[in-house]
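Pasting a predicted model and its sequence here:
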Amino acid sequence: MRTSYMQNATVTTLRQKYWIPATSQCVKSILWKYTICNRIQGNPYRIADPPPLPNIRVAESPPFTVTENAYIGVLYVRYHSRNMIKTNICLSTCVMSRALHLEIEPDLSKESFLLALKRFVSRRSVPGVMMLDNATASESLKDILQSTQIREALSRKGTDWNFIPRRAPWYGG
């Protein structure tokens with residue numbers, strides 16, 4: 001039979017002043033009527049098992065074959081003239097190995113994204129699939145990818161572009 005801390009503490013406090021026959025059973029029956037005690041003594045909450053990883057995440061392939069892109073924030077860089085310039089960081093993550101590639105872009109334009117993509121491809125490899133997170137922070141990247149210039153550049157390289165499903169953190173890298 002399982003006894004709880006609350007039951008033992010209550011019995012100990014009662015026995016300091018009074019002697020009641022069958023104190024434990026009496027305290028147990030009273031404490032189990034209260035929802036607070038049921039919550040404390042109840043079973044722990046079991047979270048649901050996560051869904052299986054998508055085939056893209058577990059297929060064996062070279063690094064950065066499947067890549068997830070995101071802009072992770074603004075970085076202030078001091079130039080020679082001591083002026084602070086606002087730049088952006090483009091994060092490319094290998095979905096299978098969790099390897100990272102960072103590119104600093106001067107602005108959120110199509111041209112700077114294409115240059116960052118060109119640097120990424122020359123340093124790593126041509127990705128077969130590029131994925132984008134559906135978070136609201138990636139709105140600037142979504143706007144860039146709506147352009148035909150970017151879509152054509154990606155299709156010329158043989159890269160497919162997909163969006164990660166909403167509320168699916170296990171899907172991307």
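Right, received. Where do you want to start? Note that the structure is predicted; figures quoted are calculated from it, not measured.

Which SSE is immediately downstream of the worst-scoring helix or strand of the chain on mean pLDDT?
Within the chain, confidence by mean pLDDT, DSSP states H and E is lowest for helix 35-41 among all helices and strands, at a mean of 60. Scanning forward in sequence from helix 35-41, with DSSP states H and E defining helices and strands, the next element found is helix 55-58.

Rounded mean pLDDT for that following helix, please.
When pLDDT is averaged over helix 55-58, the result is 82.

how about low-confidence regions in this structure?
Residue ranges of the chain with pLDDT under 70: 1-3, 34-42, 134-142, 169-173.

could you pull out the strands for it?
In order along the chain, the chain carries the following strands (DSSP state E): 66-78, 84-94, 100-105, 129-132, 160-163.

Can you lay out these as TSV showing mean neighbour count?
Where you see a C-beta, it was placed from the backbone N, CA and C, and this is true even at glycine. Supplementary listing: the strands of the chain in TSV, determined by neighbours: other Cβ atoms under 10 Å:
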stretch	mean neighbour count
strand 66-78	16
strand 84-94	16
strand 100-105	15
strand 129-132	20
strand 160-163	14
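
Can you add distance to residue 123 and give those strands back as CSV?
Listed next are these as CSV, based on distance: least, Cβ to Cβ, whole Å:
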stretch, distance to residue 123
strand 66-78, 12
strand 84-94, 10
strand 100-105, 7
strand 129-132, 15
strand 160-163, 20
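
Could I get the contacting residues of residue 94?
For residue 94, the contacting residues are 63-67, 100, 173, by Cβ atoms under 8 Å, 6 or more residues apart in numbering.

Could I get those in JSON lines, plus columns for distance to residue 79?
As requested, the contacts of residue 94 are arranged in JSON lines below (distance: Cβ to Cβ, whole Å):
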{"residue": "63", "distance to residue 79": "34"}
{"residue": "64", "distance to residue 79": "31"}
{"residue": "65", "distance to residue 79": "37"}
{"residue": "66", "distance to residue 79": "36"}
{"residue": "67", "distance to residue 79": "30"}
{"residue": "100", "distance to residue 79": "26"}
{"residue": "173", "distance to residue 79": "33"}
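
List just the nearest of those to residue 115.
Of all these, residue 115 sits closest to residue 67, with 16.6 Å by Cβ to Cβ.

so what's that closest one bridging to?
According to DSSP bridges, the partner residues bridging residue 67 are residue 94, residue 130.

residues touching it, list them.
So, once contact is read as Cβ under 8 Å, 6+ apart, residue 67 ends up touching 92-95, 127, 129-131, 173.

ditto for residue 130
Contact criterion Cβ under 8 Å, 6+ apart gives 66-69, 154, 159-162 as the residues in contact with residue 130.

Good, we can wrap up now.
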